[in-house]
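Trainee: Generate coordinates for the sequence data below:
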Amino acid sequence: MRTLEGPDGRFSDTDEVDLIELPRPLHSASPQGDGMSVKGRVLTITVVDVGDGACTILRPGSLLEFPSCDPNSDLTVIDCGTYLASPDHACNRLMAVLGGFFARVTTIVVTHFDADHYLGLMRLAELMETRGQSFDAVQLIAPRPPDGAETYVRYYLALAAYRFGVRALDLVGALSSVSKALSYIPLFTGSHFDASDNDFTVHWPPRRLIPGLARQVQNAMTQFDRVALGFEQAGYPALMRNLEYARGGWLSQDRIHSDQASGAAEWGRNEGGQRGAGGLDDISFDLPVSHDFHAIVPIESNLPGDLDRAFRRAWRAFARANNNMSLVFEGRGPYRFICFGDAEPPVLRWLGKSGRLASHYDVMLAPHHGTYALPRELRVTASVCIAQNGRLHVDRWSRHTRTHANASRCTCTATYGTHTIL
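Mentor: So this is what the prediction gives:
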């Protein structure tokens, strides 16, 4: 068991480091102190150790006998995937925590479009279909690609299908096959959604393709064009064939409708942020950032040298843009929870200045698996901050802890395995 003890809130370890107990709800009002009443129930949060990937489960109520599960609870799964192993690894870890209660999963959140966040869900759908299992009504929450990024989305899906197989093309289709009713709800800043008896607010991505992000997207598409031309000239038809398949994939524009995302009016009025924050056009995405998290991932493309290098460059360009379109959201129930996905320092910097975030959270999922230094503008602290990383990236965790204001309350799955916070 791992508990918070002492006036400094440091962790103390006992035999099994997998349970973190928060003594009481720390917040009863909004971050601005306006007396807004708290909505929702206390959450039990399980951060599943899937290696170098991400997977979190939310359950309403206090779960005192982990891993037993109240069959009447509405469960939320946030991401499921890993880089270090096949999707089966992440899927099996998720299934072990869920037990047999698949039908109680009512919400699935995919923070962004990288394989270490959703391929485990593809595998879960495949296994459920072969076993004759199904979800009841389930909503799939994902970031809405900004206006102007439609072609980018198709390009990314074509690359992902070449890298991971055609099954990466359509998560909506896979989940529909094992759901009695599926609602696909892409969201953007200002949107809200209900899950596990709590209300969640989305702080990112923006609705429109802002200049800095547009440059990243354009760079990725330029890299794709070069790869596609090289593939065609070398007699490799797979990439262009995947591009055709991608036109009907789960992120294709015909599945993304503005009327599915609430909060559009709020976003239009408040696009520039609060408390003197610069507008979205002021975000610089050109700052030097280490991207070795994705760079060290092996890519077995079986391509000639020049094509292989071009494919790798394109993949990394898309990975960077995907990170900066991550879904950043928070729950403001009795226990305040925030998830940053893989948002990189430029996004975190803007969020820190925007006035949208609380100064303190009970539970925080560290941005980008806890492998980046936090910008000084992000002054968010947490009673528990969990980095989701494995043995390949745990050495980068120190970048996070050196820059997080309350590093003594940071922990990671690589060192301590699956965590349950109650």
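
Trainee: which residue is nearest the middle of this structure?
Mentor: For the chain, the residue lying nearest the average C-alpha position, counting by CA atoms, centre = their mean, turns out to be T111 (2.8 Å).

Trainee: can you pull the contacts of that residue?
Mentor: A54, I78, D79, H117, P143, S326, L327, C339, G341, D342 (CB atoms under 8 Å, 6 or more residues apart in numbering). Using the backbone N, CA and C atoms, a C-beta is placed for each residue, glycine as well.

Trainee: among those, which are in strands?
Mentor: Filtering the contacts of T111 for membership in strands, criterion DSSP state E, returns A54, I78, D79, P143, C339.

Trainee: For PyMOL, what selects the buried ones among those residues?
Mentor: A single PyMOL command selects the buried members of the ones in strands among the contacts of T111 (16 or more other CB atoms under 10 Å):
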select buried, resi 54+78+79+143+339
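
Trainee: which of the ones in strands among the contacts of T111 lies closest to V105?
Mentor: For V105, the nearest member of the ones in strands among the contacts of T111 is I78. The distance, counting by CB to CB, is 11.2 Å.

Trainee: So of the contacts of T111, which two are at opposite extremes in space?
Mentor: Within those, A54 and P143 form the most distant pair, 14.3 Å apart (CB to CB).

Trainee: L251 reaches L157, doesn't it?
Mentor: Yes. If you go by CB atoms under 8 Å, L251 and L157 touch, sitting 6.2 Å apart.

Trainee: Which element, helix or strand, includes the residue nearest to the centre of the chain?
Mentor: Take DSSP states H and E as the rule and T111 turns out to sit in neither a helix nor a strand.

Trainee: Could you report the pLDDT at it?
Mentor: If you check T111, the pLDDT there is 97.

Trainee: Quick check: phi and psi on it?
Mentor: The phi/psi pair for T111 (degrees, to the nearest 10) reads phi -70, psi -30.

Trainee: Turn the ones in strands among the contacts of T111 into a markdown table, including distance to A214.
Mentor: As requested, the ones in strands among the contacts of T111 are exported to a markdown table (distance: CB to CB, whole Å):
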| residue | distance to A214 |
| --- | --- |
| A54 | 27 |
| I78 | 28 |
| D79 | 26 |
| P143 | 16 |
| C339 | 25 |
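
Trainee: need the ones in strands among the contacts of T111 in JSON lines with pLDDT and distance to G212, can you?
Mentor: Shown next, in JSON lines, are the ones in strands among the contacts of T111 (pLDDT from 0 to 100; distance: CB to CB, whole Å):
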{"residue": "A54", "pLDDT": "96", "distance to G212": "25"}
{"residue": "I78", "pLDDT": "98", "distance to G212": "26"}
{"residue": "D79", "pLDDT": "97", "distance to G212": "25"}
{"residue": "P143", "pLDDT": "94", "distance to G212": "17"}
{"residue": "C339", "pLDDT": "98", "distance to G212": "22"}
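
Trainee: of the ones in strands among the contacts of T111, closest to T107?
Mentor: Nearest to T107 out of the ones in strands among the contacts of T111 is I78 (CB to CB; 8.7 Å).

Trainee: I'd like to know the beta-bridge partner residues of the closest one.
Mentor: Beta bridges link I78 to T56, V109, judged by DSSP bridges.

Trainee: ok, now which ones touch it?
Mentor: A54, C55, T56, I57, L58, V109, T111, C339, L365.
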